[in-house]
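Enquirer: Mind looking at a prediction? Sequence and model below.
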Amino acid sequence: MENLTTVLSEFSTKEKNILSNHFSNADDNVFAITTPRQVDRGALMSRYSRTDKSMRRIFLDEFLQNKNRGEEFYNRVLIEYGDDSVAELGEAQIAIEGLSNIAVKKIEDRRIGLSYLEKSSRYVAWNKKINGQFRFYREPVLMKSKFGDLYVDTCNFSFDVYSKNIDPMIKYIREKYPIEKYTFKDSKDNTEKLFPKLKEENDIKSANMIYSGSTKAKALDILRGLLPASTITNVGITGNGRAFEYLLTILASSELEEERGLASKIKKELDTTIKAFVRRADDKYGKAFQNYLQQIKNVSKIATKEIKPKVMSGARTQLVDHESEKIAIDKIITSIIYEQSPSTSYNIIMQQVKKLSDEKKIKIINTFTKLRKNRRHRPSRAFESVYYTFDLLNNFGMFRDFHRHRALTLERQLLTTDHGYNIPDEIKVLGIEKDYRECMEKTKHTFDKIRTKHPEQGQYVVNFAYNYPYFMKFNLREACHLIELRTVPQGHVDYRRVAQQMFKEINRIHPNLSKIIKFVDLKEYDLERFESEKRSEEKRKTVKKGKIF
């Protein structure tokens, strides 16, 4: 019998030699596309969905002799037919350095088709100067306005207070949580021992590295609230052409010069790698879409004038929209059964589920809960049937962490000083509360002046410690991921507490369903990064020894 996984010899020896430079093999039915031009790889993927030829035959017949075949294909499909999905076949990686925390959040608002890696504020101190200047974005509109000197002076003051307190804060943390209090692995007998009992030089060195890393992270976590949103960061982006094209359109329609400038720069670089996939970002189609986005913003502003909302201050984690647990359980069980019930409808299954006793329903839910052995065992998609909406008001630094979750709906407002700010307890104990408050009040004074003329640009001066309003709507399956991830011991104390409160709210209204969130950690920790640093050190040792883990 013919082996179906092997392709019949379709190519001559000469053709196979040619194909070896463009594909991983010429004989098997599974192969990698290695031809160097990205536009050709994408065009081949799309082209062979419209013909009965094999991909390698298409390459030999249509692409080999015509170096512009890929470009021609995308011009026709994207421009003439507007088939957006084929733009996902081109991928690129872009690095952006020296952008503000305002611009990076606008970029990271794009949820689908793009992945990000951003510079951390808990592992890297932001006190270094470049050519004698702190690294914050000099917003062009503000710099040319009467507020320019005030803006620079305020940002410099924030960085001054942050920078001069890094060493004192690290010293305080290490005095409060001395290394002698913690246990580390003894390589001789593989047991955990208090630091003073370690004898081996390498064990002592590893322990100091672990302790140093976790205490520094703790100190920087506490102080990051002093940083203004103008703080310069770096971000790496991996994504497909369709997602990049949408990002470019969003940035190009911004009211901020920084974001419009980034649109031009990103487009220029993408043109060197996936030009055919982002061609429409700045043509008539892109301009029309930019106009549409501006109209949406204008209509939203008009609608806002219909109400006069009260300004709220102080942190808040409030569950504002949910279903009854009875309805939620019925939906989930219906979804569970649907997949295994051919030839019937969702509605018929729902009617049958409603007839089950509460005891049987809860037993089904509990069975699925027991199946989860760790937080990476995600609940089935049936648990996406139930949604929760949380109204949140917490510091902007913490928002930056929650903002990374994209399998949800998130809407946010402009960053202002209207909602008060967060003061970590350690700031008070260290005796720098006066400086901290002076920094926040100076920022508020500057922001209030700037906002009268430039409300969007005023965001740049606002510190991470200021409370920031946004809402998040997510399903129960995503709640498991978000809450369990954001309550792990190494998480920042701010978002750990918010995630813990989210769980408590869900548990309050859905006591049975909330059991699926099995791996929430409700404890408090002294050095959040300590255990994580220990695991990282063990991995470093394993790699150094040449072992695979």
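Expert: Looks like it came in fine.
Enquirer: Show me the residue at the heart of the protein, geometrically.
Expert: The centroid of the chain falls nearest to residue 404 when counting by Cα atoms, centre = their mean (2.2 Å).
Enquirer: The closest residue to residue 402 other than its chain neighbours: what's it in contact with?
Expert: The shortest distance from residue 402 to any residue other than its chain neighbours is 6.1 Å, reached at residue 495 (Cβ to Cβ, 6 or more residues apart in numbering). In this view, the C-beta of every residue, glycine as well, is placed from N, C-alpha and C. By Cβ atoms under 8 Å, 6 or more residues apart in numbering, the contact set of residue 495 is 398, 401, 402, 486.
Enquirer: Distance of residue 495 relative to residue 156?
Expert: From residue 495 across to residue 156, the span is 29 Å (Cβ to Cβ, to the nearest Å).
Enquirer: again, but for residue 178
Expert: To residue 156, residue 178 is 35 Å away according to Cβ to Cβ.
Enquirer: Return the subset of the contacts of residue 495 lying in helices.
Expert: Judged by DSSP state H, the subset of the contacts of residue 495 located in helices is 398, 401, 402, 486.
Enquirer: tell me which of those residues is nearest to residue 447?
Expert: Nearest to residue 447, judged by Cβ to Cβ, of the ones in helices among the contacts of residue 495 is residue 398 at 19.5 Å.
Enquirer: correct me, but the closest one touches residue 493?
Expert: No. Contact criterion Cβ atoms under 8 Å: residue 398 and residue 493 do not qualify, at 9.3 Å.
Enquirer: out of these two, which sits in the more crowded spot?
Expert: Between residue 398 and residue 493, counted using other Cβ atoms under 10 Å, the more crowded position is residue 398 (26 against 16).
Enquirer: coming back round to it: redo the contacts of residue 495 as TSV? Include distance to residue 207 and pLDDT.
Expert: Below are the contacts of residue 495 laid out as TSV (distance: Cβ to Cβ, whole Å; pLDDT from 0 to 100):
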residue	distance to residue 207	pLDDT
398	30	92
401	28	90
402	33	93
486	28	95
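Enquirer: filter those residues to the buried ones?
Expert: 398, 401, 402, 486 (16 or more other Cβ atoms under 10 Å).
Enquirer: Could you look up the SS state of residue 97?
Expert: Going by DSSP: H, G, I helix; E, B strand; the rest coil, the secondary structure assigned to residue 97 is strand.
Enquirer: Spit out the contact partners of it.
Expert: Contacts for residue 97 (Cβ under 8 Å, 6+ apart) come out as residue 234.
Enquirer: helices and strands around the worst-scoring helix or strand of the chain on mean pLDDT, which ones?
Expert: Lowest by mean pLDDT, DSSP states H and E among the helices and strands of the chain is helix 530-544, with a mean of 73. The contact analysis (3 or more Cβ pairs under 8 Å, 6 or more residues apart in numbering; DSSP states H and E) places helix 530-544 against strand 183-186, helix 201-223.
Enquirer: Go through these and pick out the most buried.
Expert: Stretch with highest mean neighbour count among these: helix 201-223 (a mean of 20; mean count of other Cβ atoms under 10 Å).
Enquirer: can you give me the strands for the stretch 201-350 of the chain?
Expert: For the stretch 201-350 of the chain, strands defined by DSSP state E, counting those that start in this stretch occupy the ranges 232-240, 316-321.
Enquirer: so what strands line up beside the shortest one?
Expert: In this case it means strand 316-321. Taking DSSP bridges as the criterion, strand 316-321 sits next to strand 387-395 (antiparallel) in its sheet.
Enquirer: Tell me the buried residues in the strand it pairs with?
Expert: Neighbour-count burial for strand 387-395 flags 387, 388, 390, 392, 393, 394, 395 (criterion: 16+ other Cβ under 10 Å).
Enquirer: Alpha carbons of it, as PDB, please.
Expert: What follows is strand 387-395, C-alpha atoms only, in PDB (Å, rounded to 0.1, in the frame of the first residue of the first chain):
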ATOM      1  CA  TYR A 387     -17.800  37.000  31.600                       C
ATOM      2  CA  TYR A 388     -16.800  39.500  34.400                       C
ATOM      3  CA  THR A 389     -16.200  43.200  34.100                       C
ATOM      4  CA  PHE A 390     -14.000  44.900  36.600                       C
ATOM      5  CA  ASP A 391     -13.800  48.700  37.100                       C
ATOM      6  CA  LEU A 392     -10.200  49.400  38.100                       C
ATOM      7  CA  LEU A 393      -8.500  52.400  39.600                       C
ATOM      8  CA  ASN A 394      -4.900  51.700  40.500                       C
ATOM      9  CA  ASN A 395      -1.400  53.200  39.900                       C
END
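Enquirer: Could you pull up the mean pLDDT of it?
Expert: With pLDDT averaged residue by residue, strand 387-395 scores 97.
Enquirer: which residues sit against that strand?
Expert: Under the criterion Cβ under 8 Å, 6+ apart, residues 225, 312, 314-323, 399, 402, 419, 421-422, 464-476, 479, 494, 498, 502, 505-506 lie in contact with strand 387-395.
Enquirer: please redo it, this time with the cut-off set to 7 Å
Expert: Contact with strand 387-395 is made by 225, 312, 315-322, 419, 421-422, 464-475, 479, 494, 498, 502, 506, as judged by Cβ atoms under 7 Å, 6 or more residues apart in numbering.
Enquirer: Next: stretch 191-198.
Expert: The list of residues contacting stretch 191-198 from outside it, by Cβ under 7 Å, 6+ apart, reads 179, 180, 182, 183, 184, 185, 186, 204, 207.
Enquirer: cutoff 10 Å now
Expert: Identification of contacts with stretch 191-198 by Cβ atoms under 10 Å, 6 or more residues apart in numbering yields 178-188, 199, 203-208, 210-211, 534.
Enquirer: same check, this time on stretch 12-24
Expert: 9-11, 25-27, 30-37, 40-41, 44, 55-57, 59-60, 63-64.
Enquirer: Whichever of those end up buried, select them in PyMOL.
Expert: Command for PyMOL that selects the buried part of those, burial taken from 16+ other Cβ under 10 Å:
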select buried, resi 11+26+35+37+40+41+44+55+56+57+59+60+63
